[in-house]
Each structure stands twice: as C-alpha cells, then as structure tokens.
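Asks: how would this look folded up:
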Amino acid sequence: MDGVTPARRSRRAVTLAFLANGLAVPSLLVRVPDVRDLLALREATLGLALAGLAVGVVLGLVASGSLAGGQGSRRLTLVGAVAMLALLPLAGLAPSLPALVAVLVGLGAASATMDVGMNAQGVGVEAAYGRSIMLGFHGVWSVGALLAALAGSAAMAAGVGVTAHLAGVAVAIAALVAVAAPGLDVVDRVGLEPGPRLALPRGPLLPLALVGLAAGLGESTGNDWSGIHLADELAVAPGRVGWGLVALTGAMTVVRLSGDRLVRRAGPARVVAVGGGLAAAGYLTVALSTSLPLTLAAFAAVGAGVGVTIPLVFAAAGARASSPGAGVAAVATVGYAAFVIGPPAVGVIADLVGLRVAFALVALVIAALTLCRHPELAPRSSERAPA
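Replies: Next up, the predicted model:
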C-alpha cells in the first residue's frame with residue numbers, strides 16, 4: 001500500500017482529468033487564426049463554424065444529463081475523454097467548412113460529456129473532504145488551458161502545422177487519462193433508468209444557470225476572438241496572436257487556485273457580482289484600447305472576473321440535485337448556451353460594425369446578468385465548512 005487514502009487518490013485522479021480536459025479545446029482555439037486562413041473563412045463564417053463546437057457541447061450536455069443517473073460519472077468521464085482525444089487532430093485535417101463543423105460538433109460533445117463526468121466526480125470528492133475544493137479542480141483545468149495557449153503560441157512561432165500540433169496534444173491527453181482512470185471511483189449512479197431527455201434548471205438552479213450564461217459568454221468570447229482581435233485590430237506578429245488567450249487563462253488560473261480562501265471571506269454571491277463587474281470593465285477596455293499591453297491587461301481582467309463563477313455554479317448545482325451529474329448538466333445546458341450564441345453573434349456584429357463594438361455589447365450583457373444579488377449561490381448551513 002502507498003499510504004494514500006481513497007479520498008486523496010480520487011482527488012488526484014479528478015485533478016488529472018481536469019488537466020486533460022483543459023488541454024484539449026484551448027489547444028484548438030489558439031490555432032483558430034490558422035484554421036481560418038487554411039479554409040479562407042470570413043469572420044461571420046468562422047463564427048458559425050465555431051458555433052459547431054458549442055452545438056456539440058449542448059448535445060453532449062443533454063445526453064450526459066439524461067445518462068448521468070444510470071451510467072455514472074466515471075463512465076461519462078472516460079468515454080468523453082477517449083472521443084475527445086481521437087477527434088482533436090482531425091480539426092487540422094478538415095478540407096472544407098462542413099467537414100470542420102462536423103469535427104467541431106463531435107469534439108464539443110465529447111468535451112462536454114467528459115466535463116459533466118469529471119465535475120460530478122469532483123462533487124463527490126468534495127463531499128468526502130467536507131470542504132470546498134472544486135475551485136482547485138477548475139484551477140487545474142485553467143492550468144491546462146494556459147499550457148495549451150503557451151504551447152500553441154510556441155508552435156505557431158516555430159511554424160508547426162495545426163495537425164501535428166494537435167496530434168501531440170492528443171498523445172499527452174491519452175497519457176493523463178490512462179493514469180487517472182483507476183482513481184475515478186466516485187459511485188454516483190442513482191438508478192438504472194435514464195433521466196429526462198432535456199433536464200432544464202428549475203427553482204434555485206435557474207438563476208445559477210443565468211449566472212453561468214454570463215460567465216460562459218465572457219469566457220467563450222475571449223477564447224474564440226482574442227486571437228482574431230490581436231491579429232486584425234492590433235496587427236501583432238504571429239507568435240503573439242495567442243497572448244490574449246494566455247492573459248485570460250493565466251488570470252483565470254491564479255484566481256481559481258486562490259479562490260477558495262476569497263470565497264470563504266466574502267461569500268460566493270459577492271465574489272460572483274464583483275467578478276462580473278471586473279469582466280465587464282475588461283471587455284469595455286478591450287473595445288477602446290489600441291495598446292497591446294493594456295489590451296492584454298484587459299483580457300486578464302476578464303479571466304479574473306469570470307474565473308470563479310463556473311466552479312461555484314457547478315458546485316452549487318451538483319449539491320442540490322439528486323444526481324450530481326444531472327444537476328451539473330441541467331445548469332450547464334443553459335450556461336454553455338453562451339458558447340452557441342456567442343461565436344456567431346460576435347462574428348455577425350464584427351462583420352457589421354466591428355469587433356470592438358461586439359466586445360462592448362458583451363460587456364453590457366455580463367453586467368446585466370451578474371451585477372445583482374444571487375443568494376442561491378450561498379451554501380446551505382449543512383454545507384458550510386470552517387475556514
């Protein structure tokens with residue numbers, strides 16, 4: 001025996017799962033300018049293509065919410081991971097727009113399936129620990145996304161092709177999942193029958209979903225359009241195109257890794273409201289700035305602002321549902337709708353009036369959905385843990 005407790009072993013496994021998931025889609029997103037150029041896509045067309053990724057996410061969430069109670073989160077995590085690493089390199093091989101959309105839909109569905117599974121596993125591990133640790137899991141996801149952004153920027157600067165780069169990422173994901181698999185042992189099957197085909201959030205889950213929608217819009221807009229903004233609006237060198245994503249994910253990583261202490265002091269509702277204001281201010285600054293350093297600082301503000309929101313929403317939803325996976329999926333189905341609505345909306349607005357105006361409108365939406373009280377984010381008395 002290695003002396004490691006079952007709870008700690010499960011925590012390590014879930015941590016590796018979050019890291020693997022964080023490496024995948026961000027590795028593709030940082031290469032979006034290259035994919036656009038390879039297929040000669042306009043901004044509006046690119047936005048519609050990226051919406052395929054988000055459509056796949058919603059499909060994966062719907063399927064996962066239906067299956068979570070019967071299949072369990074371990075199976076969802078592993079099935080999603082295997083499909084994700086298999087599809088990732090194909091994004092660089094797509095010969096046409098329809099082929100690219102098909103790959104992105106599949107990749108989004110696989111990533112979402114793994115997302116629901118690993119978050120439900122995380123809810124179980126958090127319950128075993130009796131204190132908040134979900135932010136740490138999402139912090140590790142952000143570490144993966146940050147590494148993906150840095151590696152992608154380095155690959156672009158070195159002239160590495162999209163397919164070769166994404167194939168290397170898939171190999172790394174496969175290794176992480178192989179190590180994590182034995183420790184993904186949280187048992188959360190609540191029945192043999194599948195749940196509703198579309199589990200929509202109700203009661204206190206609905207406002208949680210709307211908060212998640214705001215955070216998803218902030219994150220998806222930065223993920224999908226920061227590189228295009230730096231390349232087209234600020235005319236940066238190819239090796240710097242990924243810096244906006246690095247700034248956003250870097251700030252998100254720092255906030256998530258240190259966020260549990262902040263939440264214990266200020267409370268989750270206040271943290272979310274302040275974060276929404278910070279993210280809105282960040283996008284307004286991006287819309288107005290012509291300076292690369294100021295723009296990067298603004299993207300960092302966005303990352304810091306939305307960084308804690310999704311983990312807090314998922315933790316609250318998972319703790320309030322009979323099946324953690326079903327609760328996470330129900331809230332995420334609405335929250336991740338931003339990844340469907342955002343890319344095409346920003347692309348169309350950019351074509352009509354410019355990308356800067358699109359960023360300003362995103363700021364207004366985030367402010368409207370987050371700058372208010374959200375008492376449903378507060379833990380119930382039985383869930384509180386000592387600082």
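Asks: what sits against V365?
Replies: 214, 217 (CB atoms under 8 Å, 6 or more residues apart in numbering). All C-beta spots, glycine's among them, are computed from the backbone N, C-alpha and C.
Asks: in stretch 28-46, what counts as buried?
Replies: Within stretch 28-46, the residues scored as buried using 16 or more other CB atoms under 10 Å are 28-36, 39, 41, 43-46.
Asks: Quick check: which element contains the residue nearest to A304 when sequence neighbours are not counted?
Replies: The shortest distance from A304 to any non-neighbouring residue, by CB to CB, 6 or more residues apart in numbering, is to A251 (4.2 Å). Using DSSP states H and E, A251 maps to helix 243-266.
Asks: picking up where we left off before, does the residue nearest to A304 really touch A298, like I thought?
Replies: No - look at A251 against A298 with CB atoms under 8 Å: they stay out of range, at 10.4 Å.
Asks: which of the residues in the helix holding A251 are buried?
Replies: 243-257, 259-260, 262-263.
Asks: Which helix or strand lies directly C-terminal to it?
Replies: Counting by DSSP H and E, the next helix or strand C-terminal to helix 243-266 is helix 268-288.
Asks: my guess is N21 meets A81, correct?
Replies: Yes - under the criterion of CB under 8 Å, N21 makes contact with A81 at 7.5 Å.
Asks: Now for those two: what residues contact both?
Replies: Joint contacts of N21 and A81 (CB under 8 Å, 6+ apart) are M114.
Asks: can you count the residues close to G159?
Replies: 7 (other CB atoms under 10 Å).
Asks: Now it. Its backbone dihedrals?
Replies: phi 80, psi 20 (degrees, to the nearest 10).
Asks: ok, now D185?
Replies: Dihedral angles of D185 (phi, psi; degrees, to the nearest 10) stand at phi -120, psi 20.
Asks: and it, how far is that from V140?
Replies: In this view, D185 and V140 are 19 Å apart by CB to CB, to the nearest Å.
Asks: In terms of neighbours, single out the busier of those two.
Replies: Higher neighbour count among D185 and V140: V140, with 22 against 14, using other CB under 10 Å.
Asks: quick one: the helices in the stretch 51-200 of the chain?
Replies: 73-87, 97-129, 134-157, 162-180 (DSSP state H, counting those that start in this stretch).
Asks: wait, which of the ones you listed is closest to V331?
Replies: helix 97-129 (10.1 Å; CB to CB).
Asks: what's that closest one packed up against?
Replies: Using 3 or more CB pairs under 8 Å, 6 or more residues apart in numbering; DSSP states H and E as the contact criterion, the elements in contact with helix 97-129 are helix 6-29, helix 32-39, helix 43-71, helix 73-87, helix 134-157, helix 309-319, helix 324-335.
Asks: Let me know the angle separating it from helix 6-29.
Replies: Inter-element angle recorded for helix 97-129 and helix 6-29: 160 degrees (by axes from the mean of the first three to the mean of the last three CA atoms, to 10 degrees).
Asks: in this protein, what spans have low per-residue confidence?
Replies: 1-4, 65-71, 188-204, 318-327, 373-387 (pLDDT under 70).
Asks: just to revisit the earlier point, just the CA atoms of the helix holding A251, as CSV, please.
Replies: Extracted C-alpha coordinates of helix 243-266, given in CSV (Å, rounded to 0.1, in the frame of the first residue of the first chain):
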residue,chain,number,x,y,z
TRP,A,243,-1.1,36.2,-25.9
GLY,A,244,-4.7,37.4,-25.3
LEU,A,245,-5.7,33.8,-24.5
VAL,A,246,-2.6,33.4,-22.4
ALA,A,247,-3.5,36.6,-20.4
LEU,A,248,-7.2,35.5,-19.9
THR,A,249,-6.4,31.9,-18.9
GLY,A,250,-3.4,33.0,-16.8
ALA,A,251,-5.5,35.3,-14.7
MET,A,252,-8.3,32.7,-14.5
THR,A,253,-5.8,30.1,-13.3
VAL,A,254,-4.5,32.4,-10.5
VAL,A,255,-8.0,33.3,-9.3
ARG,A,256,-9.2,29.7,-9.3
LEU,A,257,-6.2,28.4,-7.5
SER,A,258,-6.5,31.0,-4.8
GLY,A,259,-10.3,31.5,-4.9
ASP,A,260,-11.4,29.2,-2.1
ARG,A,261,-9.9,31.5,0.6
LEU,A,262,-11.6,34.5,-1.1
VAL,A,263,-14.9,32.8,-1.2
ARG,A,264,-14.7,31.9,2.5
ARG,A,265,-14.1,35.5,3.4
ALA,A,266,-16.5,37.3,1.1
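Asks: what's it packed up against?
Replies: helix 6-29, helix 134-157, helix 205-228, helix 268-288, helix 292-306, helix 309-319.
Asks: can you list those helices in JSON lines and add distance to G239?
Replies: As requested, those are exported to JSON lines (distance: least, CB to CB, whole Å):
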{"stretch": "helix 6-29", "distance to G239": "16"}
{"stretch": "helix 134-157", "distance to G239": "3"}
{"stretch": "helix 205-228", "distance to G239": "12"}
{"stretch": "helix 268-288", "distance to G239": "20"}
{"stretch": "helix 292-306", "distance to G239": "13"}
{"stretch": "helix 309-319", "distance to G239": "30"}
